[in-house]
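K.L.:
Quick check, what structure comes out for this input:
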Amino acid sequence: MSGPTQFEEFERVRRGLLRIARESVRQGMAFPGENELARRLGCGRGQIRRVLGSLEHDGIVIRHQGSPTVLDPVALRGTVRLEEQVPLLDMLVRMGYETSVDVMTTEPVPVRADAAQVLRVARGAPAVHRVAVVRADGRPCALVDSTVVLPERGLAAEESTWSSTASAEALAERIWGEPVVRELATLSAHRLSAGQAAMMELPDGTAVVQLDVVGVSRFGHRPYRSLERHHPDLLEYSVYRTTAPF
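P.N.:
Numbering: from 1, shown residues only. Sure thing, here's the model as predicted:
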């Protein structure tokens, strides 16, 4: 079996450096030197320098000859941008995390009134409701509460896909046979209920960012809605805005 390609190795080291950078910012510690980074990531200093050069181009690290590498916490948040349509797992990989998904519950349900209005379907229409915990480096980082509308055609063939760890977008595309071309995402604040907090391993009532995501298919259907509750310490993101000239 052949080893990893240069690109795969570059991405592995990049994810590792981003993870170490976030740990350093969170703990208020200095960013390690090249020798320590190479030791921790199991690569050569040349590879570390190449990846640091990429991160310097993105403004995440600031390097001056003879001085320690400095991190920019604001630029670090810019590794993931909310204006891009990026699946949550891909977003976490960009941030340097190892990811996994635990599906907590999956069941066929009628669409509730609030979701029916958003999804433009009749109240009580058939749907699949799924609650999943997304983990980053083993820690719960997002609680995803998804409603995927089921088409009127036969449903039995779809049941084997319901408990999949695929995203709501991928699940909807599989069930409907239509690509999702865009998502409408709305940010708000949310306080975790006791049950939600237990799954997130956070205190009851913790305030988190909630992302209300509605998918839109090529043919104008709205096949799913996902409420993502994000861990306040593990998920950071930004929106790039341009300023008007004076």
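K.L.:
Quick check: which element contains the residue nearest to residue 164 when sequence neighbours are not counted?
P.N.:
Counting by C-beta to C-beta, 6 or more residues apart in numbering, residue 164 lies nearest to residue 171, which is 6.2 Å off, once chain neighbours are set aside. Heads up, the C-betas are built off the backbone N, CA and C, glycines and all. Following DSSP states H and E, the helix or strand that holds residue 171 is helix 168-176.
K.L.:
Output the contacting helices and strands for the lowest-mean-pLDDT helix or strand in the chain.
P.N.:
Least confident element among the helices and strands of the chain, by mean pLDDT, DSSP states H and E: helix 73-77 (a mean of 74). Contacts defined by 3 or more C-beta pairs under 8 Å, 6 or more residues apart in numbering; DSSP states H and E place helix 73-77 against helix 6-27.
K.L.:
In the strand or helix carrying residue 198, which of the residues would be classed as buried?
P.N.:
Using DSSP H and E, residue 198 sits in helix 194-200. For helix 194-200, the neighbour count (16 or more other C-beta atoms under 10 Å) marks 196-197, 199-200 as buried.
K.L.:
same for that helix, what does it pack against?
P.N.:
Using 3+ C-beta pairs under 8 Å, 6+ apart, helix 194-200 sits against strand 126-136, strand 139-149.
K.L.:
how distant is the helix or strand following it from the center of its chain?
P.N.:
For helix 194-200, the succeeding helix or strand toward the C-terminus, using DSSP H and E, is strand 207-217. Counting by C-alpha atoms, centre = their mean, to the nearest Å, strand 207-217 is centred 11 Å from the centre of its parent chain.
K.L.:
Need the distance between the two termini of stretch 23-38.
P.N.:
16 Å (C-alpha to C-alpha, to the nearest Å).
K.L.:
ditto for stretch 122-140
P.N.:
Taking C-alpha to C-alpha, stretch 122-140 runs 34 Å from one end to the other.
K.L.:
Ok, stretch 171-183 next?
P.N.:
Across stretch 171-183, the straight-line distance between its terminal residues is 14 Å, by C-alpha to C-alpha.
K.L.:
got a list of contacts for it?
P.N.:
Contacts to stretch 171-183, defined as C-beta atoms under 8 Å, 6 or more residues apart in numbering, come from residues 85, 128, 130, 146, 148-151, 158, 161-162, 164, 166, 169, 213-219, 221, 223-224.
K.L.:
can you pull the buried residues of it?
P.N.:
Within stretch 171-183, the residues that count as buried by 16+ other C-beta under 10 Å are 171-173, 175-176, 178, 180, 183.
K.L.:
Name the residues that touch stretch 12-25?
P.N.:
Residues outside stretch 12-25 that contact it (C-beta under 8 Å, 6+ apart): 4, 29-32, 37, 40-41, 43, 47-48, 51-52, 54-55, 60-61, 71, 73, 76, 79, 93-97, 137.
K.L.:
Narrow those to those in helices?
P.N.:
When DSSP state H is applied, the contacts of stretch 12-25 are split such that 37, 40-41, 47-48, 51-52, 54-55, 73, 76, 93-94 fall in helices.
K.L.:
farthest pair in these?
P.N.:
Pairwise distances across those (C-beta to C-beta) peak at 24.4 Å, for the pair 47 and 73.
K.L.:
In contact with residue 126: list those residues for me.
P.N.:
Listed by C-beta under 8 Å, 6+ apart, the contact partners of residue 126 are 108, 110-111, 149-150, 155.
K.L.:
Filter the residues you listed down to just the buried residues.
P.N.:
Applying 16+ other C-beta under 10 Å to these, the neighbour count classes 111, 149-150 as buried.
K.L.:
Show me which of those is closest to residue 65.
P.N.:
Residue 65 has its nearest neighbour among the buried ones among the contacts of residue 126 in residue 149, at 57.9 Å by C-beta to C-beta.
K.L.:
I'd say that closest one and residue 224 touch.
P.N.:
Yes - using C-beta atoms under 8 Å, residue 149 makes contact with residue 224 at a distance of 6.8 Å.
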